[in-house]
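Participant: sequence and predicted structure are below.
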Amino acid sequence: MMKTAEQTPKKQRRQPGIEARMDPAPEYIKDTYQPAGKLLGKIALITEGDSGIGRAVSVHFAEEGADIAVVYLNEDRDAQTTKDLVEASGRKCLLIKGDVKDARFCKYAVEQTIKEYGRLNILVNNAGMQFPQKNVKNITEEQLTTTFQTNIFAYFYFAEAVVEHMHEGDCIINTTSVTAYRSSPALIDYSSTKGAITTFTRSLATNLVDKKIRVNAVAPGPVWTPLIVSTFDEEKIKSFGSETAMKRAGQPSELGPAYVFLASDDASFITGQVIHVNGGEVVNG
């Protein structure tokens, strides 16, 4: 996390967190980023695209020429900021508010995107929730259901809804996590969903390969997003990211280009793979 001694990160009491209230604020794109028109004319739907990694992906995609549909839960201020940023890049941005745990809403979001833009080329499954618990006995049935419905069921719902609208050269990108590849003792249910996302990515990739639709994933390490300040305690927030080889958390701006690469023709021979953007953590797979 990039902060000064005067910038003490503050915990937020409710999930999902609000990026507008974060101090220090996450960086969503680097001033030095040089777009190259890699997604010119593409249409992208991004879940949880209002903040954190999702905002970074939305802004990077817009800079590369894509029009965007942002799905978000209830963070109206963050969503409007992302819309403003996308439109400042000269692209269009459709905001779609709703709960991805609801399969009907997921289908509705895809239909609204098609209605607005006439097509859909890129799906970024990025929505996620976590509820840290040090004791496995404290993971309630309600928590388990909420975590799985948000983090993996929704990925199925959106993939099922978009495939009929996709054609050769289109793609799906899933957000998994470093926790799918290493122990995460306080995030047992969350890391389990991320493992499921990794396997989902590989299996869906081979399922859709004959249609020439690519499916890949990005596995972030610790990244400074609203999810962190709304779920971890204050001590964890202060030290967040220090366990990486780089001794810091990543910024969303450092994730965006990985999604651009996987969405672009530069990755035309890549499917079923995971890009690890994690500050130097060594993982298998």
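Facilitator: Arrived safely, thanks for sending.
Participant: would you map the helices across this protein?
Facilitator: Shown for the chain, the helices assigned by DSSP state H span residues 52-63, 76-88, 103-117, 141-148, 154-163, 188-208, 226-229, 234-239, 256-263.
Participant: pLDDT at Thr206, what is it?
Facilitator: If you check Thr206, the pLDDT there is 98.
Participant: begin at 48 from now on, thanks
Facilitator: Understood, numbering begins at 48; the last thing we discussed is Thr253.
Participant: of the helices of the chain, flag the one that's most buried.
Facilitator: helix 99-110 (a mean of 29; mean count of other C-beta atoms under 10 Å). For glycine as for every other residue, the C-beta is placed from the backbone atoms N, C-alpha and C.
Participant: for that helix, what is the average pLDDT?
Facilitator: In this model, helix 99-110 has an average pLDDT of 97.
Participant: helices and strands around that helix, which ones?
Facilitator: strand 90-94, strand 114-119, helix 123-135, strand 169-172, helix 303-310 (3 or more C-beta pairs under 8 Å, 6 or more residues apart in numbering; DSSP states H and E).
Participant: shaky segments in this protein?
Facilitator: In the predicted model of the chain, residues 48-62, 274, 277-280, 332 satisfy pLDDT under 70.
Participant: wait, what's in contact with the spatially most central residue of the chain?
Facilitator: A centroid search over the chain (C-alpha atoms, centre = their mean) returns Asn173, at 3.0 Å, as the residue closest to the centre. Applying C-beta atoms under 8 Å, 6 or more residues apart in numbering to Asn173 gives the contacts Ile93, Thr94, Glu95, Gly96, Ile100, Gly101, Val104, Thr222.
Participant: ok, it to Thr94 distance?
Facilitator: As defined by C-beta to C-beta, to the nearest Å, Asn173 lies at a distance of 5 Å from Thr94.
Participant: which neighbours do these two share?
Facilitator: Gly101.
Participant: take the helices of the chain and write them to a markdown table, including distance to Asn325.
Facilitator: Shown next, in a markdown table, are the helices of the chain (distance: least, C-beta to C-beta, whole Å):
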| stretch | distance to Asn325 |
| --- | --- |
| helix 99-110 | 13 |
| helix 123-135 | 24 |
| helix 150-164 | 28 |
| helix 188-195 | 21 |
| helix 201-210 | 20 |
| helix 235-255 | 12 |
| helix 273-276 | 15 |
| helix 281-286 | 17 |
| helix 303-310 | 11 |
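Participant: how far away from the center of its chain is stretch 286-299?
Facilitator: 18 Å (C-alpha atoms, centre = their mean, to the nearest Å).
Participant: got the contact list for it?
Facilitator: Applying C-beta under 8 Å, 6+ apart, the contact partners of stretch 286-299 are 48-49, 56, 73-75, 99-100, 102-103, 267-272, 275, 279, 324-328.
Participant: list the contacts for Val118?
Facilitator: Here Val118 is in contact with Leu92, Ile93, Thr94, Glu95, Gly96, Ile143, Lys144, Gly145, Val147, Ala156, Ala174 (C-beta under 8 Å, 6+ apart).
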